[in-house]
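1. Sequence and predicted structure are below.
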Amino acid sequence: METIIRRDPRTEWISRNRLHPEHTEQILPAQESRGPSGLLRKNPHRMGFTGPNGLKRIDRENGNAIPQLLGRRPAVAPPAELPLHRVEQPDYCVAAVLDMTGGRLTSHDRDILGLAHQLVLHMGGAGVVMAIVFGEHREEHFATAGVDRLLHLRGEHYDGYSPEQRLHALMAIEKEMVPRFWLFPDSAAAGFELGCRFAARTGERPATQVWRVEGDTCISRAAGGSADITRPVARVMLLAQECAEQIDETRHEALPLSVGPLSLQATRINDGGLMPVDPAAVPLGEAEFILSAGNGVGDWAQFHATAEILGATEGASRVAVDSGHMPRFRQVGATGTWVTARVYLAVGISGAIQHLQGIAQCDRVIAINTDPGCDMVSRASLSVIADSDEILAELARLALAWRKEELNHAA
């Protein structure tokens, strides 16, 4: 006989009555369950609370909004402890050479670590993922990104553009550890060139633009992304973005490794440092720092001046372009240019769906807006609820003060 689910009128009445002593327990978001991996999972159908007027409200603050409405300090839940993946005596390793742009793991790097674990799972045995990092870094989350062993090669000779020194170190690692696979990011930062150099030196035939690995075969993009090439899994692979699911349900040991004493290679390439580039000359699709304006900008002269002081490439929403404040080639969004900036600063942009589609691949989005409920604020990693002209003026002032202080220290 089927179980009949019956409604509880009393419980529903308590949830609507703010004066009832059991009202707090009824509206608190509950129904958390711990999955097989040890992570706490929330039931999305039970998220939210019933407001004073009896309407269901979505809690966007993970339960902290409800105690504030009731005049109490929100309780901070301790972070869940992820299960530890440990390999005592590894039989082999999969080497992942990471870009570490800006000294931190990029989303591309995390995709590569996820694919490395996918290869270990397919091959079986006691395999570990070894991450190879060159130069100084500021990353503190190698363990939760899937790194079993960390080989950090320090030294100023690895800083900047140094493909010859890095290749010399990789050849020493190849000779001493003989990894089962070598994985490189197929990126313009450093991974593509270093992976090609390594494949040429070792005589391996690399698989480039690999976006999926299925068993003993890998699938690569070809013909500008309009065709796929299926071939056996190569020992050296240059991986595209989103090639695998990132590691997020386990933590790993990230034990430090060392390689024998490395000699310095005589180099023919000297890195002269970064060359100053006019941000206005950088195409939107290639810009790393974009200051984008919407209809909320009142002082356009100040906006242009702030973009110049910050060294940012200018962008705009469709509303600002249609109003004649910005040229059409500066429009960001699905109807304009899709951008992949590392930092996207949206000033006075409410966040239409076409605009949000165009900035989907940006790493960090910062919103300046007077409306705390707009879609751009919901999308942003950091939001400032204030007048855009005042914030831009303060940003320009702080940037000039910082630049002056740096000049004084240099002198």
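-> Received the coordinates, thanks.

2. Could you use CA atoms for every contact and neighbour count after this?
-> Will do.

3. residues contacting Gly336?
-> 318, 328-330, 358 (Cα atoms under 8 Å, 6 or more residues apart in numbering).

4. How much space separates it from Cys362?
-> 15 Å (Cα to Cα, to the nearest Å).

5. How about Val233?
-> Taking Cα to Cα, one finds Val233 at 31 Å from Cys362.

6. With Ser107 instead?
-> In terms of Cα to Cα, Ser107 sits 11 Å off from Cys362.

7. Pro276 too?
-> When Pro276 is compared with Cys362 (using Cα to Cα), they lie 23 Å apart.

8. neighbour-wise, which of those two wins?
-> Cys362 (17 against 7; other Cα atoms under 10 Å).

9. shaky segments in this protein?
-> Applying pLDDT under 70 to the chain flags residues 1-6, 18, 20, 23-80, 410-411.

10. The strand or helix carrying Leu291 - contacts with which helices or strands?
-> Element membership for Leu291 (DSSP states H and E) is strand 289-293. With contacts defined as 3 or more Cα pairs under 8 Å, 6 or more residues apart in numbering; DSSP states H and E, strand 289-293 has these neighbours: strand 313-316, strand 343-347.

11. Can you name every helix or strand that the next helix or strand after that strand contacts?
-> The helix or strand immediately downstream of strand 289-293 is helix 300-310, counting by DSSP H and E. Using 3+ Cα pairs under 8 Å, 6+ apart, the elements in contact with helix 300-310 are strand 313-316, helix 388-410.

12. most packed of those?
-> Neighbour counts (mean count of other Cα atoms under 10 Å) averaged over each of the helices and strands packed on helix 300-310 peak at strand 313-316, with a mean of 28.

13. For that one, give me every contacting residue.
-> Contacts for strand 313-316 (Cα under 8 Å, 6+ apart): 279-280, 282, 284, 287, 289-294, 304, 307, 326, 330-332.

14. and if you look at stretch 220-228?
-> 207-212, 219, 229-230.

15. List the ones among those residues that fall in helices.
-> Taking DSSP state H, every one of the contacts of stretch 220-228 sits outside helices.

16. could you dump those residues to JSON lines with distance to Asn369 and neighbour count?
-> Shown next, in JSON lines, are the contacts of stretch 220-228 (distance: Cα to Cα, whole Å; neighbours: other Cα atoms under 10 Å):
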{"residue": "Ala207", "distance to Asn369": "46", "neighbour count": "25"}
{"residue": "Thr208", "distance to Asn369": "43", "neighbour count": "23"}
{"residue": "Gln209", "distance to Asn369": "39", "neighbour count": "24"}
{"residue": "Val210", "distance to Asn369": "40", "neighbour count": "25"}
{"residue": "Trp211", "distance to Asn369": "38", "neighbour count": "18"}
{"residue": "Arg212", "distance to Asn369": "40", "neighbour count": "18"}
{"residue": "Ile219", "distance to Asn369": "44", "neighbour count": "20"}
{"residue": "Ile229", "distance to Asn369": "46", "neighbour count": "13"}
{"residue": "Thr230", "distance to Asn369": "48", "neighbour count": "15"}
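
17. Which residue, neighbours along the chain excluded, lies closest to Asp375?
-> Gly351 (5.1 Å; Cα to Cα, 6 or more residues apart in numbering).

18. what's the span of stretch 237-256, first residue to last?
-> Counting by Cα to Cα, you get 24 Å between the two ends of stretch 237-256.

19. what comes up buried for it?
-> Judged by neighbour count (16 or more other Cα atoms under 10 Å), stretch 237-256 contains these buried residues: 237-244, 246-247, 250-254.

20. Which one of those is nearest to Glu164?
-> Leu238 (18.4 Å; Cα to Cα).

21. measure stretch 171-190 end to end?
-> So stretch 171-190: terminal residues 17 Å apart, Cα to Cα.

22. For it, what is the distance to the chain centroid?
-> 23 Å (Cα atoms, centre = their mean, to the nearest Å).

23. Can you verify Gln89 is assigned to a strand?
-> No. Using DSSP: H, G, I helix; E, B strand; the rest coil, the assignment for Gln89 is coil, not a strand.

24. Which residue, other than its chain neighbours, is closest to it?
-> Ala126 (7.1 Å).

25. residues contacting that neighbour?
-> 87, 89-92.

26. Could you turn the buried ones of those into a PyMOL selection?
-> Selection of buried members from the contacts of Ala126 for PyMOL, criterion 16+ other Cα under 10 Å:
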select buried, resi 92
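
27. Reformat the contacts of Ala126 as TSV; add distance to Gln118.
-> Listed next are these as TSV, based on distance: Cα to Cα, whole Å:
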residue	distance to Gln118
Val87	16
Gln89	19
Pro90	16
Asp91	16
Tyr92	14
